[in-house]
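Asker: Structure, please.
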Amino acid sequence: MRNEGKSTWNPARLDAVAFARAEGRVSGQLALSALSRLTEDLHDRALVDAAPPVEWVLSGELRPGAGGADPDAWLHLQATASVPLTCQRCLGAVQTPLEIDHWFRMVSDEAAAEAQDDDCEEDLLALEPLPNLVEVLEDELIMGLPLVPMHEECPQGLVNPAEDRSLPATEAEEKPHPFAALAALKKAK
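Answerer: Model prediction:
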């Protein structure tokens, strides 16, 4: 982790107001495998362990408060990662790049965040308890995952059993229709 400025900032318990007031900037790398909630559903543990680290930068600033109120602390989180997901077309691994570029306005606590959430466009983070940057980063990466990960072009051909004539005939093709006997009885009458 690299700190820019005079103070050392603890990303696990960040004093966001002091960080914003000092216009702090912190950057670092984090192994993808250290993000357990993100990696639990990824394609293959070996690919997770071999993945490049997550690169991140956090900066802070004060902005004028609404209606002449005290300035608000804002945090800007930027991150890049590449995660191995399962392609929904071929079921193989697909390396998926993720980019986070997000601003957060800091509010006093969770109750204030909940009360203001519906009335504002920006994302809110509570000052108490002190925010954990790694948890916030992991949350943002999880929310950045695509709903349906796929290769642009799958590396292996896909097999469609309905079109592949080299496969043996299925049991359904060999059985007579279940109502064929009823049709024969109706014709007999």
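Asker: After the helix or strand bottoming out on mean pLDDT in the chain, which helix or strand is next?
Answerer: Using mean pLDDT, DSSP states H and E, the weakest-scoring helix or strand in the chain turns out to be helix 171-174, at a mean of 55. The C-terminal neighbour of helix 171-174 among helices and strands, as given by DSSP states H and E, is helix 180-188.
Asker: so for that next one, what's the average pLDDT?
Answerer: What helix 180-188 shows for mean pLDDT is 74.
Asker: next one: stretch 134-154
Answerer: Per-residue scores along stretch 134-154 average to 93.
Asker: Enumerate the positions of that stretch that are buried.
Answerer: For stretch 134-154, the buried set under the neighbour-count rule, 16 or more other CB atoms under 10 Å, comprises V134, V136, L137, E138, E140, L141, G144, P149, H151. For every residue, glycine as well, the C-beta is placed using N, CA and C.
Asker: now do stretch 18-27
Answerer: The neighbour-count check on stretch 18-27 (16+ other CB under 10 Å) flags F19, A20, A22, G24, R25, V26 as buried.
Asker: so of those, which ones are in helices?
Answerer: Those of those mapping onto helices are F19, A20, per DSSP state H.
Asker: Find the pair from the buried residues of stretch 18-27 with maximum spatial separation.
Answerer: A20 and V26 (12.2 Å; CB to CB).
Asker: Output the below-cut-off pLDDT ranges for the protein.
Answerer: Applying pLDDT under 70 to the chain flags the ranges 1-7, 67-68, 157-175, 189.
Asker: Quick test: name the residue nearest the centre of it.
Answerer: I142 (2.2 Å; CA atoms, centre = their mean).
Asker: would you list every one of the strands in this protein?
Answerer: 2-4, 25-30, 54-63, 72-86, 93-109, 123-128 (DSSP state E).
Asker: The closest residue to V83 other than its chain neighbours: neighbour count?
Answerer: Spatially, and ignoring its direct neighbours in sequence, V83 is nearest to T96 (5.4 Å; CB to CB, 6 or more residues apart in numbering). Counted with other CB atoms under 10 Å, the neighbours of T96 add up to 19.
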